[in-house]
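Student: Sequence first, predicted model second:
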Amino acid sequence: MARRRRLPGALDPYSTSFRFLSDTLLAGLLVLALSLPVVTWFAALTGATAALRDARAAEDPIRVRRILGHGWSAVRRQPLLTLLAPTVFMVFIVADLLVLPHLLGDATLALWALGAIASGVGAFALRIAGAWRADRTARGVLALAWGRMSADPVGTLMLFGACAAAALIVSFSPPLLLVIGGPLALAALAFDRDVS
């Protein structure tokens with residue numbers, strides 16, 4: 001009896017979809033590791049997004065040195081965009097966390113308001129990470145990301161949802177903090193497009 005040839009499926013460890021999943025999870029681990037100094041979280045996310053873009057274009061697995069190289073390039077070329085602005089954002093979120101319950105009078109309402117603010121700013125951060133290229137100026141990246149916020153409202157809403165979902169996932173299952181940066185980088189890459 002002749003053996004039937006088995007067709008590769010999505011969960012075949014040698015398939016491109018499985019490799020893409022493993023690339024995304026590896027990117028998430030590296031985003032976490034590179035984010036430990038806190039002020040480098042956005043450079044790590046930008047580097048992971050650019051490395052995922054390169055891996056998809058070359059149809060190669062993601063490389064650690066690509067993430068490191070893109071992250072370092074982002075910091076070196078645009079330190080205000082990749083280090084200072086995200087740090088100010090984090091300070092703003094912590095201040096809101098402390099102030100909003102007193103302003104709104106209800107801790108639950110304040111938490112929902114903070115989640116909406118953080119998800120909105122997170123969606124813009126993902127737009128910036130997706131638009132970043134080594135040859136673009138910080139002003140060009142910001143202008144492109146801001147333009148895409150309104151030009152692609154469905155994509156912006158999806159990125160808003162991705163940020164909110166990431167926060168909920170990590171709050172329900174903290175160990176997923178290890179890899180959540182990868183899916184966020186993938187979301188930034190997925191919506192790195194111009195809609196006409």
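Tutor: Alright, I've got the coordinates. Numbers count the residues shown, from 1 in each chain.
Student: Within the helices and strands, which one has Trp112?
Tutor: helix 107-131 (DSSP states H and E).
Student: Hmm, I typed the wrong one, I wanted Leu97.
Tutor: Going by DSSP H and E, Leu97 is in helix 85-104.
Student: on contacts alone, who are the packing partners of that helix?
Tutor: Contacting helix 85-104 under the criterion 3 or more CB pairs under 8 Å, 6 or more residues apart in numbering; DSSP states H and E are the following elements: helix 41-58, helix 107-131. (C-beta placed from N, C-alpha, C; glycine too.)
Student: want to try TSV for those helices, with distance to His70, mean pLDDT and mean neighbour count as columns?
Tutor: Output for these, formatted as TSV (distance: least, CB to CB, whole Å; pLDDT from 0 to 100; neighbours: other CB atoms under 10 Å):
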stretch	distance to His70	mean pLDDT	mean neighbour count
helix 41-58	4	87	24
helix 107-131	10	86	19
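Student: just so I know, which of these lies nearest Pro86?
Tutor: helix 41-58 (3.7 Å; CB to CB).
Student: okay, the closest one in PDB with CA atoms only?
Tutor: Output of helix 41-58 as PDB, limited to C-alpha atoms (Å, rounded to 0.1, in the frame of the first residue of the first chain):
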ATOM      1  CA  TRP A  41      10.200  50.400  25.700                       C
ATOM      2  CA  PHE A  42       9.300  52.300  22.500                       C
ATOM      3  CA  ALA A  43      12.600  51.800  20.900                       C
ATOM      4  CA  ALA A  44      12.300  48.100  21.500                       C
ATOM      5  CA  LEU A  45       8.800  48.100  20.000                       C
ATOM      6  CA  THR A  46      10.000  50.100  17.000                       C
ATOM      7  CA  GLY A  47      12.900  47.700  16.500                       C
ATOM      8  CA  ALA A  48      10.700  44.700  16.700                       C
ATOM      9  CA  THR A  49       8.200  46.100  14.200                       C
ATOM     10  CA  ALA A  50      11.000  46.900  11.800                       C
ATOM     11  CA  ALA A  51      12.600  43.500  12.200                       C
ATOM     12  CA  LEU A  52       9.300  41.700  11.600                       C
ATOM     13  CA  ARG A  53       8.900  43.800   8.500                       C
ATOM     14  CA  ASP A  54      12.400  42.800   7.300                       C
ATOM     15  CA  ALA A  55      11.800  39.200   8.100                       C
ATOM     16  CA  ARG A  56       8.600  39.100   6.100                       C
ATOM     17  CA  ALA A  57      10.100  40.900   3.100                       C
ATOM     18  CA  ALA A  58      13.100  38.600   3.000                       C
END
